[in-house]
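Participant: I'd like to go over a predicted model; first the sequence, then the structure.
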Amino acid sequence: MTDILRRLLQNFSKRAKGVEVVIDPDLGTSELIAFALRFVGPFARGILRGRALVSLESGVAMRNRHRIRIGKFSKIGKGTLIEGLSRDGVNIGEGVTLGRYGRIRATANLGKLGKGVKIDPYVGMGDFFYLGAFGGIEIGSETIIGERLTIHSDNHDFDDITTAIRRQSTTEMPVRIGRRCWLGSNITILGGVDIGDDCVIGAGAVVTRSFPAGSIIVGNPARRIRDRFGAPDRKTDSPKSTS
């Protein structure tokens with residue numbers, strides 16, 4: 001029975017994650033059964049809410065549901081709020097995992113709809129994320145993201161000092177994160193930023209400008225310290241030690 005259950009879970013994980021998964025042989029039958037049962041309730045909840053093959057943990061809320069699309073085998077974590085009200089809606093691809101207690105929001109008021117969010121397949125995002133998608137947010141496939149990511153794809157205008165900032169307009173500043181990136185925990189990304197494919201962003205970074213593919217990015221404000229592809233970076237690379 002253990003071998004059969006292990007194969008079933010491996011096949012399910014392959015469908016859900018898009019990669020081959022080999023379950024640790026040290027896991028026993030009772031542990032495998034307990035692991036499988038963890039999926040039953042969330043998937044049943046998805047079916048009851050008209051989201052077949054989508055895992056919805058307890059406390060998930062979706063507003064303007066007709067503007068929200070979620071791909072099969074995706075998982076939405078406990079207490080997460082998705083607000084679909086936006087021009088392009090919220091589009092979540094296949095096999096995406098969104099952590100617990102996150103929020104997706106694109107529109108602050110009915111005066112102007114925000115653009116929305118597009119998350120490509122097999123993205124994994126940690127707990128307590130906030131996606132402010134007024135100007136539009138795109139996240140490329142197979143990108144993995146730690147806890148407490150914050151993205152703001154707009155900026156308040158404040159040039160008129162005679163008028164309260166809240167009464168002035170808001171400028172859309174779309175944010176794009178490329179494919180196969182790795183973002184650490186507690187990262188903030190501001191409006192207008194474009195992160196290329198295959199980038200790594202260190203924990204705690206505040207990203208205020210765009211970076212090319214393959215960049216390793218750290219700090220506040222974030223800077224590029226190395227190129228993963230091996231190309232020289234004369235602005236940031238220090239000479240290699242010869243000792």
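Facilitator: Yep, it's here.

Participant: Quick check, central residue of the protein?
Facilitator: In the chain, the C-alpha nearest the mean C-alpha coordinate belongs to residue 125, at 4.3 Å (Cα atoms, centre = their mean).

Participant: Give me the nearest residue to that residue, chain neighbours excluded.
Facilitator: Using Cβ to Cβ, 6 or more residues apart in numbering and skipping residues adjacent in sequence, the residue nearest residue 125 is residue 145, 4.5 Å away. For every residue, glycine as well, the C-beta is placed using N, CA and C.

Participant: How about the contacts made by that neighbour?
Facilitator: Going by Cβ atoms under 8 Å, 6 or more residues apart in numbering, residue 145 touches 123, 124, 125, 126, 129, 139, 182, 183, 187.

Participant: Buried ones among those residues?
Facilitator: Among those, the ones that count as buried by 16 or more other Cβ atoms under 10 Å are 123, 124, 125, 126, 129, 139, 183, 187.

Participant: Mind jotting down where the helices sit in the chain?
Facilitator: Counting by DSSP state H, the segments of the chain that form helices are 2-17, 29-48.

Participant: how far is the last one from where the chain is centred?
Facilitator: What that stands for is helix 29-48. Remark: helix 29-48 is offset 23 Å from the chain centroid, using Cα atoms, centre = their mean, to the nearest Å.

Participant: tell me the pLDDT at the closest residue to residue 46 other than its chain neighbours?
Facilitator: Closest residue to residue 46 apart from its sequence neighbours, by Cβ to Cβ, 6+ apart: residue 54 at 4.0 Å. Looking at residue 54, its pLDDT reads 95.

Participant: my guess is residue 54 meets residue 69, correct?
Facilitator: No. Residue 54 is beyond contact range of residue 69, at 10.3 Å (criterion: Cβ atoms under 8 Å).

Participant: Tell me where the model's unsure across the chain.
Facilitator: Scanning the chain for pLDDT under 70 picks out the ranges 1, 231-243.

Participant: tell me the domain boundaries of it?
Facilitator: According to automatic domain parsing, the chain comprises the domains 1-48, 53-227.

Participant: Please identify the most buried of these.
Facilitator: Per residue and on average, the most neighbours among these fall to domain 53-227, with a mean of 18 (mean count of other Cβ atoms under 10 Å).

Participant: That one spans what distance, first to last residue?
Facilitator: 39 Å (Cα to Cα, to the nearest Å).

Participant: do the same with stretch 204-212
Facilitator: End-to-end for stretch 204-212, by Cα to Cα: 20 Å.

Participant: Residue 210 is nearest to which of the helices of the chain?
Facilitator: Among the helices of the chain, helix 2-17 comes nearest to residue 210, with 29.3 Å by Cβ to Cβ.

Participant: now the angle from the closest one to helix 29-48?
Facilitator: Put simply, helix 2-17 runs at 40 degrees to helix 29-48, going by axes from the mean of the first three to the mean of the last three Cα atoms, to 10 degrees.

Participant: Could you check how far helix 2-17 is from the centre of its chain?
Facilitator: Distance of helix 2-17 from its chain centroid, counting by Cα atoms, centre = their mean, is 25 Å.

Participant: Just list what that helix packs against, helices and strands only.
Facilitator: Helices and strands touching helix 2-17, by 3 or more Cβ pairs under 8 Å, 6 or more residues apart in numbering; DSSP states H and E, are helix 29-48.

Participant: what's in contact with the helix it packs on?
Facilitator: For helix 29-48, contacts defined as Cβ under 8 Å, 6+ apart pick out 1-2, 5-6, 8-9, 12, 23, 27, 52-58, 60, 75.
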